[in-house]
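Q: using only what follows, build the 3D model:
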Amino acid sequence: MIDEYKEALDELRFSPEAKRRMVQRIEVAAVVEPLPRPTRRSRALVIAAAAAVLALAVGCTAYASGMLGRASAPAKETPATTEVVDGIGRPDAHASSDGVTVTAEAVMGDRSNYAIVFSIAKDDGTPFEGIRENQDGTLALRFENLATVTVDDAPSRGTVSYFFDADPHDNAIQFVKASTIDTHGGTSFVGKAVYVKLHDLLAFDEDGEARTLVEGAWKMDFVADCADLSVDLPAGQTFAFDEGTATINAIMISPLSLSVDLTIDFPIEVNVIGFDTPQSKRLQYLPLTVNMKDGTVIDATRKAGGGVEVREQTTVTDKSMAFDKILDLDQVKSVTVGGVEIPMP
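A: Below you'll find the model as predicted:
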């Protein structure tokens, strides 16, 4: 990652202190500073901030949402090209309507998660007004059509969206559309065409009442080119699980997420009406951690989602988690699964 990108990540965590500083910056900027057009620096902040909230956007909600139907992509001209810089796609795509321009700023992801970052700005350079901030630091906004973003041949397992302000010193706000895709059959979003339809930007008050902030329709398409940020760790290790043995089939980590595939050499007990059994609970809470070189530990044990398939003689399961911040993989020492520590390659 470029140094500017790392610095931006450090600045843009949605902790209470970070939110307090952001509010202060907004107040100062509104009173004493002009609002310039987005700069190269603010573009880096946009990408970093979007990455930092990727877990909020994907997270457990995506894994719990189930398979979502994908609308058929309409006939389009050749999608806009996308330049890849430091593993992050920079699409050459934008659309304007009613004096507001929406620009696709970045595409980033790994094998099973992606996030597309958009900037929204008035063409006259003035800021949006009357936007309320939620308690988690996101903005109380929504597109009227819930933002239709489809990727060719990459069906979603779940998708959510967030708005935020990456840099209060410019007049743009940001919109993230993030998704976990169905990777069965080797599906990937990389290199696929992305089709975007946005309609009417709405703002919400504290009572949940909506008003139209901007009337307009924005359409664009581009190629989802970016590097696959996934790194495979050595697999094949075994550990005891109840009366049998669990085998680690695959471990993948990226700056965005962690996933593990396991096989247990016997069919675990399950309750057909949906209630947990002791064995299924032990599998659900199987120890899963990311161990950093500085001694800190990211505990994914209770945060990871996944699925379980009980077969005639075995049980196959996968566990996945999107991180709450971007990880510098150079600072990751190892991953622990079920008590087995696997070092980074």
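Q: if I look at the residue nearest to F118 when sequence neighbours are not counted, how far off is D136?
A: Distance criterion Cβ to Cβ, 6 or more residues apart in numbering; nearest residue to F118, sequence neighbours excluded, is F175 at 4.4 Å. The way it works is simple: take the backbone N, C-alpha and C, and place the C-beta from them, glycine included. Remark: distance between F175 and D136 (Cβ to Cβ, to the nearest Å) = 16 Å.
Q: mind listing the strands for the stretch 51-200 of the chain?
A: 82-85, 88-91, 93-97, 100-109, 113-122, 141-143, 148-151, 156-164, 173-181, 193-204 (DSSP state E, counting those that start in this stretch).
Q: before we move on, back to that, of F175 and D136, who's got more company?
A: Using other Cβ atoms under 10 Å as the criterion, F175 and D136 rank with F175 on top: 23 against 11.
Q: measure that one to K319 for me?
A: For F175, the distance to K319 - Cβ to Cβ - is 30 Å.
Q: and if you look at P287?
A: The value you get for P287 to K319, if Cβ to Cβ is used, is 11 Å.
Q: same question for D261.
A: 8 Å.
Q: neighbour count: these two, which is higher?
A: Applying other Cβ under 10 Å to D261 and K319 shows that K319 carries more neighbours, namely 23 against 17.
Q: so that one bridges to which residues?
A: Beta-bridge pairing for K319 (DSSP bridges): V260, G306.
Q: and it, what does it touch?
A: S259, V260, L262, L286, L288, A300, A304, G305, G306 (Cβ atoms under 8 Å, 6 or more residues apart in numbering).
Q: the second one against D318, yeah?
A: Think V260. Yes: taking Cβ atoms under 8 Å as the definition, V260 is a contact partner of D318 at 6.9 Å.
Q: of these two, which one has the most company?
A: V260 (26 against 19).
Q: wait, is R282 part of a helix?
A: Yes: assessed with DSSP: H, G, I helix; E, B strand; the rest coil, R282 lies in a helix.
Q: show me what contacts it?
A: F241, D242.
Q: same question for I253.
A: Neighbouring residues of I253 by Cβ under 8 Å, 6+ apart: S230, V231, L233, S259, V290, L327, L329, V332, V335, M344.
Q: quick one, phi/psi of it?
A: The phi/psi pair for I253 (degrees, to the nearest 10) reads phi -130, psi 150.
Q: so it bridges to which residues?
A: Beta-bridge partners of I253, as defined by DSSP bridges: V231, L258.
Q: separation between P127 and D167?
A: 11 Å.
Q: between these two, which is the more surrounded one?
A: Legend: neighbour count by other Cβ under 10 Å for P127 and D167, higher for D167 (26 against 17).
Q: can you select the buried ones from the contacts of K319 in PyMOL?
A: Entered in PyMOL, the line below selects the buried ones among the contacts of K319, by 16 or more other Cβ atoms under 10 Å:
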select buried, resi 259+260+262+286+288+300+304+305+306
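Q: mind exporting the host helix or strand of I342 as PDB, just the C-alpha atoms?
A: If you go by DSSP states H and E, I342 is part of strand 340-343. The C-alpha coordinates for strand 340-343 follow below in PDB (Å, rounded to 0.1, in the frame of the first residue of the first chain):
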ATOM      1  CA  VAL A 340      -3.700 -24.800  15.600                       C
ATOM      2  CA  GLU A 341      -1.500 -21.800  14.700                       C
ATOM      3  CA  ILE A 342      -0.800 -21.400  11.000                       C
ATOM      4  CA  PRO A 343       2.000 -18.900  10.200                       C
END
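Q: within the sheet, what are the partner strands of that strand, with directions?
A: Looking at strand 340-343 with DSSP bridges, its partner strands are strand 332-337 (antiparallel).
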